[in-house]
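Visitor: For reference, the sequence and a predicted model appear below.
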Amino acid sequence: MSLTGKLKKNAAYVFTGICRSLLIHGAGGCLLCFAAFYNWFPLIYSDTGTYITSGFENFAPIDRPIIYGWFIRHSSLAASLWLTVLAQGMILSYLIYESIRTITTRSRPYILHFFVLGFLVLFTSISPVVSRLIPDVFAPVMMLCMFLLLFPEKRSVFTLGIISFFFLLSASSHTSHVFIGLLLLGSISIFLIVRRLRRRTLFVSRRGLLLTWSLFLIAVLIIPLTNLFYHNKFKMSIGAQAFYLQKLHEEGIIASYLNEYCGKRNYPLCDYNNRLPWDFLWDAESPLNKENDWEDKNGEYKRLISDILSTRAYAVKIAHKSLFNSAKIFFVFDEALNPAYDMESSPYAAMHRYFKDSGYEYLMARQQSNVLNHDRENFIQRFVIIGSLVIIAAALFAGRVRRKLSPLLAFTLLFFFTALISNAAVCGTLASMSPRFQSRIAWLLPFLVLMLMHYFLSGTILAQKIKSLFSKTAGDVQTKQ
């Protein structure tokens, strides 16, 4: 065959593969967007308006990165927010498919892929996470990408490029993702180093670990570089101190500290002692908003936080609360409430400004009528998640079961279990309590259980009979043709 013929054949092969992937993950994305279809519109959150506006007006908010705003702008094609949630679904469908390929070592696990997606949509909160217009969906995307990048030898350069792009996008879409990724990747790296020192088999190659760290460091730089461009400040977050003060205020640390030290040290917040509004961030009477000092121009908030953390009694109290909150968040994974956002809200204003044709859809959605109720779904999900947690804990810590696992599957369980702990630890330490933080990734537990079931059942007589049945059916179809 001539060189031209080979090039045409390869081009046709690549084109066919791309079309097949778009078809499969388009269908998978639609399945994952079930919650949006049921709602009659993508799910809205209070921050949605800020993300839409930042993307279209090309400005970086002081309290969050601009990356997800850009994602909304370009994935929607400035035409419809349906395209954005569909893109989120397709990305997650693709990464779940690649993860199944890696874990099961099957080349094209299409049936298993759709079975997994269907199970997760029916029994977990994965669909609301995908269907909501905030960057929560990119937390599990980052974790799946990190897992896949640790095994670069299992995929082509083209596939690695796609996964690397999704990794950079997801890790830089929210500041918390950077800290979660750092804790996760750092923990896995320490585990691998210890195994190396003990001269035990490593689960991943040095190339995979080096590639993952290199891309993660690039992702870490993206957020401060955008802040440098828009705000002339090379910082991870311009308003980070305000959010942490809100965290300390919720836990009663601020009031207690000011009562003890306002007579000894001069803090601006002493003027508001015992009358700070509960919502320090958004209440109009908060000194943060009355003085318009989100950027902490004089460094007073930073000084207050530093003094609190350097005071031993308060540092111990914060550490205790952080541990308790992390454990609490780990086991709080109910689907969050979806309140209505009327025509006076920020989400509606942004949507109406940039997606005028979607106004009627927005107002007619179930969410805007306050009829979305997740009590039944949460009841089912609690049993599924807790059951999955028990099974995975048994697989990891019960020696008899663990010895039956392949090294790859054992590492997979360890990696994603560490991911769940990392997410809870970071959110419990730095953020306000919210069930949505853990619910965005809790579906990883039943996903792992399904992989365990496939591993233990794939060689059974039942599995062989099902396989032979499908092979016989396919043969009969070909004969008739």
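Guide: That came through, no problem.
Visitor: Now for the residue most central in space within the chain, which secondary structure element holds it?
Guide: When CA atoms, centre = their mean is applied to the chain, the residue found nearest the centroid is Ala139 (1.4 Å). Element membership for Ala139 (DSSP states H and E) is helix 138-149.
Visitor: who does that helix touch, helix- and strand-wise?
Guide: helix 81-104, helix 157-171, helix 175-197, helix 206-231, helix 407-430 (3 or more CB pairs under 8 Å, 6 or more residues apart in numbering; DSSP states H and E). The way it works is simple: take the backbone N, C-alpha and C, and place the C-beta from them, glycine included.
Visitor: CA atoms only: put the first one into CSV for me.
Guide: Which is helix 81-104. Extracted in CSV, the C-alpha atoms of helix 81-104 (Å, rounded to 0.1, in the frame of the first residue of the first chain):
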residue,chain,number,x,y,z
LEU,A,81,-27.0,26.7,28.7
TRP,A,82,-28.2,23.3,27.7
LEU,A,83,-25.0,22.9,25.7
THR,A,84,-23.0,23.6,28.9
VAL,A,85,-24.6,20.9,31.0
LEU,A,86,-24.4,18.5,28.0
ALA,A,87,-20.7,19.2,27.7
GLN,A,88,-20.3,18.5,31.4
GLY,A,89,-22.1,15.2,31.0
MET,A,90,-20.0,14.2,28.0
ILE,A,91,-16.7,15.0,29.8
LEU,A,92,-17.7,12.9,32.8
SER,A,93,-19.1,10.1,30.6
TYR,A,94,-15.8,10.0,28.7
LEU,A,95,-13.6,9.9,31.9
ILE,A,96,-15.8,7.2,33.5
TYR,A,97,-15.4,5.2,30.3
GLU,A,98,-11.7,5.6,30.3
SER,A,99,-11.5,4.7,34.0
ILE,A,100,-13.5,1.5,33.3
ARG,A,101,-11.1,0.6,30.5
THR,A,102,-8.1,1.1,32.8
ILE,A,103,-9.6,-0.8,35.8
THR,A,104,-11.1,-3.7,33.8
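Visitor: Name the residues that touch the helix or strand following that helix?
Guide: Downstream of helix 81-104, the next assigned helix or strand under DSSP H and E is helix 110-123. Helix 110-123 is contacted from outside by 24, 27-28, 31-32, 34, 93, 96-97, 100, 104, 106, 126-127, 380-381, 384, 443, 446-447, 450, 454, using CB atoms under 8 Å, 6 or more residues apart in numbering.
Visitor: Repeat that for stretch 189-204.
Guide: Counting by CB under 8 Å, 6+ apart, Leu150, Phe151, Leu209, Trp213, Pro407, Leu408, Ala410, Phe411, Leu414 sit against stretch 189-204.
Visitor: Filter these down to the buried ones and hand me the PyMOL line.
Guide: A single PyMOL command selects the buried members of the contacts of stretch 189-204 (16 or more other CB atoms under 10 Å):
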select buried, resi 150+151+209+408+410+411+414
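Visitor: quick check, nearest of the contacts of stretch 189-204 to Arg73?
Guide: Trp213 (30.1 Å; CB to CB).
Visitor: Pull up the per-residue confidence for the residue nearest to the closest one when sequence neighbours are not counted.
Guide: Of all residues beyond its chain neighbours, the one nearest Trp213 is Leu185 (6.7 Å), with distances taken as CB to CB, 6 or more residues apart in numbering. Looking at Leu185, its pLDDT reads 96.
Visitor: Could you count how many residues lie near Leu185?
Guide: 21 (other CB atoms under 10 Å).
Visitor: Among the contacts of helix 110-123, which are located in helices?
Guide: Of the positions in the contacts of helix 110-123, 24, 27-28, 31-32, 34, 93, 96-97, 100, 104, 126-127, 380-381, 384, 446-447, 450, 454 sit in helices, assigned by DSSP state H.
Visitor: Buried ones from the residues you listed, can you make that a PyMOL selection?
Guide: This is the PyMOL syntax for the buried subset of the ones in helices among the contacts of helix 110-123, where burial follows 16+ other CB under 10 Å:
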select buried, resi 24+28+31+32+34+93+96+97+100+104+126+127+381+384+446+447+450+454
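Visitor: Doesn't Tyr45 lie inside a helix?
Guide: No - Tyr45: not assigned to a helix; according to DSSP: H, G, I helix; E, B strand; the rest coil it is coil.
Visitor: picking that back up, buried stuff in the helix holding Ala139?
Guide: Result for helix 138-149 [16+ other CB under 10 Å]: buried residues Phe138, Ala139, Pro140, Val141, Met142, Met143, Leu144, Cys145, Met146, Phe147, Leu148, Leu149.
Visitor: Kindly report the same for stretch 440-459.
Guide: For stretch 440-459, by 16+ other CB under 10 Å, it's 440-452, 454-455.
Visitor: ok, now stretch 227-239?
Guide: Buried-residue list, stretch 227-239, by 16+ other CB under 10 Å: Asn227, Tyr230, Ser237, Ile238, Gly239.
Visitor: For it, give me every contacting residue.
Guide: 59-60, 62-64, 66, 175, 178, 223-225, 243, 294-295.
Visitor: try it again with 10 Å
Guide: Residues from elsewhere that reach stretch 227-239 (CB atoms under 10 Å, 6 or more residues apart in numbering): 54, 58-66, 175-176, 178-179, 220-221, 223-225, 243-244, 281, 288, 293-296, 301.
Visitor: Figure out the length between the terminal residues of that stretch.
Guide: 11 Å (CA to CA, to the nearest Å).
Visitor: do the same with stretch 274-285
Guide: 13 Å.
Visitor: and it, which residues are buried?
Guide: For stretch 274-285, by 16+ other CB under 10 Å, it's Leu276, Pro277, Phe280, Leu281.
Visitor: Could you find the closest non-adjacent residue to the second one?
Guide: Counting by CB to CB, 6+ apart, Asp283 is the residue found nearest to Pro277 once chain neighbours are left out, at 3.8 Å.
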